[in-house]
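>>> Pasted the sequence and its predicted model underneath.
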Amino acid sequence: MSDAAGTGHREVVRGQIWRHGKPVEGFRLDEISEHLDAPDTLIWADLDCPDHGTLTALATELDLDPFAIQDTIAAAERVKTVVYGHYTFMTVYAVIPRPPKDPGVTDPGARDGGTENSDVDLTALGVDRHSPFARRAKSFTLQRISIFLMSNALITVRLAPGFDIQEVVDRWNDVGGEQYGIGALLHGVLDVVVDGHFDAVQRLDADIEELEELLFDESTGNRPLQRRTYDLRKDLVLLRRVVVPMREVIAAIQRRRFENHAPAELDPHFSDLYDHALRAAEWTESLRDMITTVFETNLALNDARLNTVMKKLTGWAAIIAVPTAITGFYGQNVNFPLFGTTIGYLVSTVLIVVVVGLLYVQFRRRDWL
């Protein structure tokens, strides 16, 4: 093990070789090439936080294209599938929920409207420094997984900790995946990733529904509500970037399986996986409409509150204008009927009370006060 790129995380290389459906004792990364294309043999290797030397050794051992290695360590890479000569390269993102009390991580310099936690250690929270998308998300982190798929080998590369690869291994063991070839191993990885997408979308759905209830809660301040709406919208945009392209990734795998006449036992599993990815993508579209509705409803409610305030101010201004006008009239320095008499004072007072009372009753009936 070694410190990966000075991040404080230890490099971990693990793997397994199966021959005739049974695990083989001992695994070494520099011996993978000896088992490639061997009959009835499956190979899996996982590189967690690999350093440059390990990636170089992997590229040499498996004769990987330099562009594929570059895509593995690039600062930001989209979800995709690329077919090379003797292998297929894939980039996917696992979604890891943040704990409810996690302070969240923002971009250095408080970009994108963030103001807090700009000095938080990203890797300490398990955030992939090679994924700027994850650093801007409030409710989850994104863990990039680079996959090299060969005829009988599956290599996964993860640049940051956080993704539970043991869950993938347990899923293989539960279904006996090694008995169905390399497609079963790939299905296990993608199944865990897509399930994580589904859970993240479901969590955002619950948060947006809670936000809709807060719209009509008078005890909730408008500014915190706007901030939370903005954070959810930003998280949804980031999530859609990794969820929606998964449909094309799985569809490309299904086409390759058909073209290569892969065993049909796994076809129902990949069809179900595609259906899950499709549902997650469509769900994000629905959530985008919901968050847009929340924005528009909040604006409409603010306009309604402003109209109510303006009506009240206008009503009280009209009421106050009556005694001002009457007392101003009687304050003229000229002789007029009842000037300087007690009856004149009583008439003006009664006139003020009657007119103000009538205005108050009319405004209350019209719900202006």
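Sure thing, it's come through.

>>> where does the stretch 151-300 of the chain have low pLDDT?
175-178, 260-261 (pLDDT under 70).

>>> And the strands in it, which stretches?
Using DSSP state E, counting those that start in this stretch, the strands assigned to the stretch 151-300 of the chain run over residues 153-158.

>>> go on, the stretch 1-150 of the chain?
12-19, 22-24, 41-48, 80-83, 88-97, 140-149.

>>> Near residue 143, how many other residues are there?
Using other CB atoms under 10 Å, residue 143 is surrounded by 25 other residues. C-beta coordinates here come from the backbone N, C-alpha and C atoms, glycine included.

>>> bridging residues for it?
On the basis of DSSP bridges, residue 143 is bridged to residue 94.

>>> I'd say it and residue 164 touch.
No: taking contacts as CB atoms under 8 Å, residue 143 lies outside contact range of residue 164: 9.7 Å.

>>> The strands of the stretch 1-150 of the chain: lowest mean pLDDT?
By mean pLDDT, the lowest-scoring of the strands of the stretch 1-150 of the chain turns out to be strand 22-24, with a mean of 83.

>>> so what strands line up beside that strand?
Partners of strand 22-24 in the sheet, by DSSP bridges, are strand 12-19 (antiparallel).

>>> Now the strand it pairs with: buried residues?
Buried residues in strand 12-19, counted by 16 or more other CB atoms under 10 Å: 12-13, 15-18.

>>> Same check on stretch 77-87?
Residues of stretch 77-87 classed as buried by neighbour count (16+ other CB under 10 Å): 77, 79, 81, 87.

>>> neighbouring contacts of it?
For stretch 77-87, contacts defined as CB atoms under 8 Å, 6 or more residues apart in numbering pick out 62-65, 68, 71, 88-93, 144, 148-151, 241-242, 245-246, 248-249, 252-253, 256.

>>> which residues touch stretch 164-174?
With CB under 8 Å, 6+ apart as the test, stretch 164-174 has contacts from 14, 46, 48, 156, 158, 177-178, 184-185, 188-189, 191-192.

>>> For residue 309, state which of these is nearest.
Of all those, residue 192 has the smallest distance to residue 309: 52.8 Å, by CB to CB.

>>> Does that closest one touch residue 95 like I think?
No: using CB under 8 Å, residue 192 makes no contact with residue 95, being 10.7 Å away.

>>> neighbour count winner among these two?
Higher neighbour count among residue 192 and residue 95: residue 95, with 27 against 19, using other CB under 10 Å.

>>> Show the contacting residues for the nearest residue to that one once chain neighbours are set aside.
By the measure of CB to CB, 6 or more residues apart in numbering, the closest residue to residue 95 outside its immediate chain neighbours is residue 200, 4.2 Å from it. Counting by CB under 8 Å, 6+ apart, residue 200 touches 95, 97, 139-140, 239, 243.

>>> Buried only: go through those residues for me.
Buried by 16+ other CB under 10 Å: 95, 139-140, 239, 243, out of the contacts of residue 200.

>>> Taking those residues, tell me the two that lie furthest apart.
Spanning the widest gap among the buried ones among the contacts of residue 200 are 139 and 243, at 13.9 Å by CB to CB.

>>> Of the buried residues of strand 12-19, just say which sits nearest to residue 341.
Ranked by distance to residue 341 (CB to CB), the buried residues of strand 12-19 are led by residue 12 at 102.1 Å.

>>> Okay, and the beta partners of the closest one?
For residue 12, the beta-bridge partners under DSSP bridges are residue 48.

>>> surely it meets residue 48?
Yes: because the distance of 4.1 Å satisfies CB under 8 Å, residue 12 is recorded as touching residue 48.

>>> I figured residue 19 hits residue 39, correct?
No: contact criterion CB under 8 Å: residue 19 and residue 39 do not qualify, at 9.2 Å.

>>> hey, what's in contact with both of these two?
Common contacts of residue 19 and residue 39 (CB under 8 Å, 6+ apart): none found.

>>> Using CSV, lay out the strands of the stretch 1-150 of the chain together with distance to residue 274.
Listed next are the strands of the stretch 1-150 of the chain as CSV, based on distance: least, CB to CB, whole Å:
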stretch, distance to residue 274
strand 12-19, 26
strand 22-24, 30
strand 41-48, 23
strand 80-83, 13
strand 88-97, 14
strand 140-149, 17
